[in-house]
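Visitor: Here's a sequence, model it:
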Amino acid sequence: MSEDVRKYFTTGEFAKLCHVKKQTLFHYDEIGLLSPEIKKANGYRYYSYHQFELFQVISLFKEVGIPLKRIKPLLTDKTPEDIIALLKEKSSEIESKIKKLEHLQRMIQTKVKLTEQALETDFSSVSLQHSDEEPLMIGRPVLNLPERQYTAALSELIRYRQIHELDQGHPVGGLFAREQILKKEFYNYTHFYIKTEEGIVNKDLHIKPKGLYAVGYQIGDEAEAAYRRIMQFIEEYGLEMGDYAYEEYMLDEVVADGFDNQITRIQLQVRGT
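Guide: Okay, here's the model as predicted:
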């Protein structure tokens, strides 16, 4: 090997220096992004020390999400002003991704918390619990709608939540009016709802009242049995049913195997007689 060649790196040496596979260097050469400084007739290829610095520039651009085809012209035709604008653009994109990841993290943490609570719950129990006032975002009325329109209303509310990034991991709930419960119409909600933060506009809100609620649980589709337990509990305590019941999944199809294993939490508003 000549003295000049000894100043260079073979493909394997350069790949090890850059902590990449040789195939990466072959690809960069094929697309004209970074080619060996020396190509011998016998097939040997050599990279220079200066190309190591160039490889670091490529890696930086690639790390911040700039496509290879966009990196190529930046290596030969750029100004500091161009790079500032480009990096600001990527910074904005990264900030948006961070917000989405933080939102996803909150969703996951809520789902884990609700599931852990469910695993510690006696689903045959009924209890009296105090609840603070809570704003609920409701969809369009669904009482007595045909099944197709009923499902479409649910889809609309879910889509609205997705578009406006309102999903905090809480399940979509169902709102029952007192009249439906008295008629034993346990699969005829007046509205679907989602829990939301105060200050959300452009959608109807229902304020869940502050006060006492009889809380019970429905396993699978055993709604009538669940409400029977709750109503018996209310009578034993000398209370009467309030205006609304609120239903939400504790164990849904995400974590439960089959509809029969899904658990619905029922909160029935009550008041003294």
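Visitor: Kindly provide the distance from Lys97 to Gly32.
Guide: Remark: distance between Lys97 and Gly32 (C-beta to C-beta, to the nearest Å) = 30 Å. For every residue, glycine as well, the C-beta is placed using N, CA and C.
Visitor: of the two, who's got more company?
Guide: Between Lys97 and Gly32, Lys97 has the larger neighbour count (other C-beta atoms under 10 Å), namely 11 against 8.
Visitor: what's the helix or strand for the more buried one?
Guide: helix 80-119 (DSSP states H and E).
Visitor: packing partners for that helix?
Guide: Secondary-structure packing of helix 80-119 (3 or more C-beta pairs under 8 Å, 6 or more residues apart in numbering; DSSP states H and E): helix 68-74, strand 239-251.
Visitor: Apart from its neighbours in sequence, what residue is nearest Ile263?
Guide: Of all residues not flanking Ile263 in the chain, Leu251 sits nearest, at 4.1 Å (C-beta to C-beta, 6 or more residues apart in numbering).
Visitor: Just to check, the one you found is in contact with Thr115?
Guide: Yes. Taking C-beta atoms under 8 Å as the definition, Leu251 is a contact partner of Thr115 at 6.8 Å.
Visitor: Neighbour count: the two, which is higher?
Guide: Just comparing Leu251 and Thr115: by other C-beta under 10 Å the higher neighbour count belongs to Leu251, 22 against 15.
Visitor: where does that one land on pLDDT?
Guide: As predicted, Leu251 sits at a pLDDT of 87.
Visitor: CSV for the helices and strands packed on helix 80-119, including distance to Arg148?
Guide: Output for the helices and strands packed on helix 80-119, formatted as CSV (distance: least, C-beta to C-beta, whole Å):
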stretch, distance to Arg148
helix 68-74, 47
strand 239-251, 22
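Visitor: most neighbours per residue, which of the ones you listed?
Guide: For the helices and strands packed on helix 80-119, the largest average neighbour count (mean count of other C-beta atoms under 10 Å) is found in strand 239-251, namely a mean of 19.
Visitor: Which SSE is immediately downstream of that one?
Guide: Counting by DSSP H and E, what follows strand 239-251 is strand 263-272.
Visitor: relative to helix 80-119, how tilted is that following strand?
Guide: 70 degrees (axes from the mean of the first three to the mean of the last three C-alpha atoms, to 10 degrees).
Visitor: and the nearest residue to Gly272 once chain neighbours are set aside, what does it touch?
Guide: Of all residues not flanking Gly272 in the chain, Leu239 sits nearest, at 6.2 Å (C-beta to C-beta, 6+ apart). Residues in contact with Leu239 (C-beta atoms under 8 Å, 6 or more residues apart in numbering) are 212, 214, 270-273.
Visitor: okay, Leu239: pLDDT?
Guide: 94.
Visitor: ok, now how distant is it from Ala177?
Guide: 18 Å.
Visitor: ditto for Tyr187
Guide: 13 Å.
Visitor: These two - which one has more neighbours?
Guide: Ala177 (17 against 11).
Visitor: could you list every residue that touches the closest residue to Phe259 other than its chain neighbours?
Guide: Excluding the flanking residues, the one nearest Phe259 by C-beta to C-beta, 6+ apart is Gly220, at 5.8 Å. By C-beta under 8 Å, 6+ apart, the contact set of Gly220 is 259-262.
Visitor: Phi, psi for Gly220 please.
Guide: Dihedral pair for Gly220: phi 60, psi -130, per degrees, to the nearest 10.
Visitor: Val64 is in contact with Ser92, isn't it?
Guide: No. Between Val64 and Ser92 no contact is recorded; they are 11.4 Å apart, counting by C-beta under 8 Å.
Visitor: between those two, who's got more neighbours?
Guide: Set Val64 next to Ser92 and count neighbours by other C-beta under 10 Å: Val64 wins out with 14 against 10.
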